[in-house]
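Engineer: Next one to model:
(4 chains)
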2 protein chains.
Amino acid sequence: MRKKRQSTPVAQADRQFVLAAAARLFREQGYDRTTVKEIAEACDMLPGSLHYRYQAKEDLLVDLMRLGLEQASSAVSSAVVGVSEPVEQLRRGINAHLQMLVSDSDMVYVLLFEWRSLRGEAREEMIKLRDRYEMLWAAMLKSLAEKGVIRKDLDLDLLRLIGLGALNWVATWFRDNGRYSLEEVGDFVWRVIHSAVLEGHEQHRSG
Amino acid sequence: MRKKRQSTPVAQADRQFVLAAAARLFREQGYDRTTVKEIAEACDMLPGSLHYRYQAKEDLLVDLMRLGLEQASSAVSSAVVGVSEPVEQLRRGINAHLQMLVSDSDMVYVLLFEWRSLRGEAREEMIKLRDRYEMLWAAMLKSLAEKGVIRKDLDLDLLRLIGLGALNWVATWFRDNGRYSLEEVGDFVWRVIHSAVLEGHEQHRSG
DNA sequence: GTCTATACTCTGATAGAC
DNA sequence: GTCTATCAGAGTATAGAC
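Structural biologist: Numbers count the residues shown, from 1 in each chain, chains lettered A, B, ... in the order given. Take a look at the predicted model:
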């Protein structure tokens, strides 16, 4: 019995296992301070075996980020798909993004903070993939704007940049079982957006 | 003629020169990928001379961050000092913070994105110093809240964390001579805060 | 205080047996 | 596909002359 395909379901699970281990280490220590030996150990392998899968350490980071962006895109997509109410769509997208930042999978975190370790072509590729993810948000905001839900005096690109920035930074201070739950954070962001960005909200002030 | 003091004005200028060169390199390449040799070269020195000033590479980063936080604190302080109107105070503080993120001095940037390179005691010290800077903002927000300028349903700490996060992330995408000027960014943030955070603003909606 | 030269350590990558 | 062993290079830190 010979193997006919390289990308069997088993190989996929294997890939995810290796990348998850690497992601955890990269998140904890940073890319540069993590050695291939450590990654191999975390996978119960020896450096040689890891080298069989990824020729260079950088290749591992690139593949990790690729997977991370796939996960992020599908997480946000599936959070908003089938939701017809545009405002509710935005709310769910925000929560999905926040959820990823603190989820068990550290890939999105690594994606946000370790892309500077890449050089040349590898970096270009990641920027392209990241932009594709951002386009998801751009499309969502554009659709909201066309429905007249967003204040007309706000630049949509700036809104996306500042908004995602506010969310992304949460990853730097948020702790599970910390002072704030993720729901509280999402709620807070939502209230701010609701009063500052959305057109036609109820004025919060009573007197 | 003997030297009586270590910390002459000249030594201070010298320190700033070395740290500024290091900050630029750390910002461009990251702390780990920057060698002490490169830093020395950028200061027109040899590694040995640099070693005379800082025993270890990490000491240099710590001192750099210390200076960066001093600069940040004094920049924000002097931006708001003497401004009696609390809302205007906030606006100026935001602009000062933004200005630092993109200023020639890369120290604040390094401070935000390279503190993860520190371990143990050094990291603890930086967290303490960073918290002191954040307390500047906490005090400003508290004072605004006491004057009834801030919506009462917003948690002040979350407001600080999310707000500074939105600002800090600007450093990751902002480019001089890019699509947006720093003024536009500051303006945008200010409009959002104005409608979402401040009490009793004019409703932006006309019809 | 600054320089040259070097010791020591660690890492990423490789070669080749199994 | 996984292992052992090792190479070649880089980088920090140090020693000691000047």
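Engineer: pLDDT (mean, whole number) over the helix or strand A:Gln71 falls within?
Structural biologist: For A:Gln71, the host element (DSSP states H and E) is helix A:57-80. For helix A:57-80, the mean per-residue pLDDT is 95.
Engineer: What residues sit buried inside that helix?
Structural biologist: The neighbour-count criterion (16 or more other C-beta atoms under 10 Å in any protein chain shown) identifies A:57, A:60-69, A:71-72, A:75-76, A:79-80 as the buried residues of helix A:57-80. The way it works is simple: take the backbone N, C-alpha and C, and place the C-beta from them, glycine included.
Engineer: Now do the same contact list for the residue nearest to A:Met107 when sequence neighbours are not counted.
Structural biologist: Counting by C-beta to C-beta, 6 or more residues apart in numbering or on different chains, A:Met107 lies nearest to A:Gly68, which is 3.2 Å off, once chain neighbours are set aside. With contacts taken as C-beta atoms under 8 Å, 6 or more residues apart in numbering or on different chains, A:Gly68 has the following neighbours: A:Ala23, A:Ser105, A:Met107, A:Val108, A:Val110, A:Leu111.
Engineer: The closest residue to the fifth one other than its chain neighbours: neighbouring residues, count only.
Structural biologist: In space, and not counting its chain neighbours, A:Val110 is closest to A:Phe26: 4.7 Å by C-beta to C-beta, 6+ apart. Using other C-beta atoms under 10 Å in any protein chain shown, A:Phe26 is surrounded by 27 other residues.
Engineer: Can you give me the separation between A:Phe26 and A:Ile39?
Structural biologist: Counting by C-beta to C-beta, to the nearest Å, the gap between A:Phe26 and A:Ile39 amounts to 9 Å.
Engineer: Now tell me which helix or strand of chain A has the poorest mean pLDDT.
Structural biologist: Taking all helices and strands of chain A together, the one with the lowest average confidence (mean pLDDT, DSSP states H and E) is helix A:9-29, at a mean of 88.
Engineer: Using PDB, write out every CA atom in that helix.
Structural biologist: Taking C-alpha atoms only, helix A:9-29 is exported to PDB below (Å, rounded to 0.1, in the frame of the first residue of the first chain):
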ATOM      1  CA  PRO A   9      -6.400  14.400   6.700                       C
ATOM      2  CA  VAL A  10      -3.700  12.900   9.000                       C
ATOM      3  CA  ALA A  11      -1.100  15.200   7.500                       C
ATOM      4  CA  GLN A  12      -3.400  18.100   8.000                       C
ATOM      5  CA  ALA A  13      -3.900  17.200  11.700                       C
ATOM      6  CA  ASP A  14      -0.200  16.800  12.000                       C
ATOM      7  CA  ARG A  15       0.400  20.200  10.500                       C
ATOM      8  CA  GLN A  16      -2.000  21.900  12.800                       C
ATOM      9  CA  PHE A  17      -0.400  20.100  15.800                       C
ATOM     10  CA  VAL A  18       3.100  21.400  14.900                       C
ATOM     11  CA  LEU A  19       1.900  24.900  14.200                       C
ATOM     12  CA  ALA A  20      -0.100  25.100  17.400                       C
ATOM     13  CA  ALA A  21       2.900  24.100  19.400                       C
ATOM     14  CA  ALA A  22       5.000  26.600  17.600                       C
ATOM     15  CA  ALA A  23       2.400  29.300  18.000                       C
ATOM     16  CA  ARG A  24       2.300  28.800  21.700                       C
ATOM     17  CA  LEU A  25       6.100  29.200  22.000                       C
ATOM     18  CA  PHE A  26       6.200  32.200  19.700                       C
ATOM     19  CA  ARG A  27       3.500  33.900  21.700                       C
ATOM     20  CA  GLU A  28       5.200  33.200  25.000                       C
ATOM     21  CA  GLN A  29       8.800  34.000  24.000                       C
END
